[in-house]
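S.K.: The sequence and its predicted three-dimensional model are supplied below.
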Amino acid sequence: MDISSRIIELAAPAAEAAGLVLDGVDVTAAGKRSRVLVTVDLPETEVGSADLDRVAEASRLIGSALDEANVPSTPYVLEVSTPGTDRVLTERRHFMRARTRLVDLRLAEGALTGRLTDLDGDELVLDVDGEERRVPLAQVTDGRIVVELKRLGE
């Protein structure tokens with residue numbers, strides 16, 4: 001089993017104990033140490049962003065799990081972070097977390113911008129200029145959240 005897989009095995013339950021889900025692990029060399037970047041996110045049923053207290057708790061729990069298992073066995077720096085708003089949306093769970101947000105979608109044929117209001121099965125439900133549009137996930141190449149300085153309802 002490679003080091004990333006072992007870290008995933010240890011970090012996932014620790015992230016869940018903090019009320020988060022493991023989104024990814026990246027291990028890179030950083031001089032004489034390794035840099036272990038663990039990305040966590042809210043469960044797909046929640047909307048919003050993971051707050052710093054939950055991320056800090058996940059960091060403590062993940063660090064303890066790695067230290068207890070002596071993984072990695074060489075010196076390392078642990079960084080625990082969230083995906084951020086610039087994450088590319090490619091999976092259903094990414095879109096679930098982006099509900100209420102304005103999104104730019106690249107489709108198999110063209111592009112579309114609208115507010116993601118819901119997911120209905122395997123279809124994205126968007127508000128595009130006041131009209132509901134449904135887009136099958138299979139037609140979406142990728143998407144991105146549009147950063148808004150003033151969000152809906154503010």
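M.R.: Now that the structure is in, tell me what you want to look at.
S.K.: Secondary structure element for the residue lying closest to residue 17 once chain neighbours are set aside, which one?
M.R.: Of all residues not flanking residue 17 in the chain, residue 61 sits nearest, at 5.4 Å (C-beta to C-beta, 6 or more residues apart in numbering). Where you see a C-beta, it was placed from the backbone N, CA and C, and this is true even at glycine. In this structure, residue 61 sits in helix 52-69 according to DSSP states H and E.
S.K.: Give the buried residues for that helix.
M.R.: Under the neighbour-count criterion of 16 or more other C-beta atoms under 10 Å, helix 52-69 has 54-55, 57-59, 61-63, 65-66 buried.
S.K.: Show me the two of those residues that sit farthest apart.
M.R.: 54 and 66 (18.4 Å; C-beta to C-beta).
S.K.: just the helices in this protein please.
M.R.: All helices of the chain, identified by DSSP state H, fall at 3-17, 52-69, 92-97.
S.K.: got any ranges where the protein has weak pLDDT?
M.R.: Scanning the chain for pLDDT under 70 picks out the ranges 150-154.
S.K.: Go again with 90.
M.R.: 1, 29-32, 44-50, 83-87, 90-94, 97-98, 108, 147-154 (pLDDT under 90).
S.K.: Could you list everything residue 128 pairs with in the sheet?
M.R.: Note on residue 128: beta-bridge partners by DSSP bridges are residue 131.
S.K.: mind giving me the domain ranges of the chain?
M.R.: When the chain is parsed with automatic domain parsing, its domains come out as 3-81, 92-145.
S.K.: distance between the ends of the first one?
M.R.: This points to domain 3-81. End-to-end span of domain 3-81 (C-alpha to C-alpha, to the nearest Å): 19 Å.
S.K.: Likewise for stretch 119-129?
M.R.: Using C-alpha to C-alpha, one end of stretch 119-129 lies 18 Å from the other.
S.K.: Please identify the residue most distant from the middle of this protein.
M.R.: Within the chain, the residue lying farthest from the chain centre (C-alpha atoms, centre = their mean) is residue 32, at 29.2 Å.
S.K.: and that one, what does it touch?
M.R.: residue 75 (C-beta atoms under 8 Å, 6 or more residues apart in numbering).
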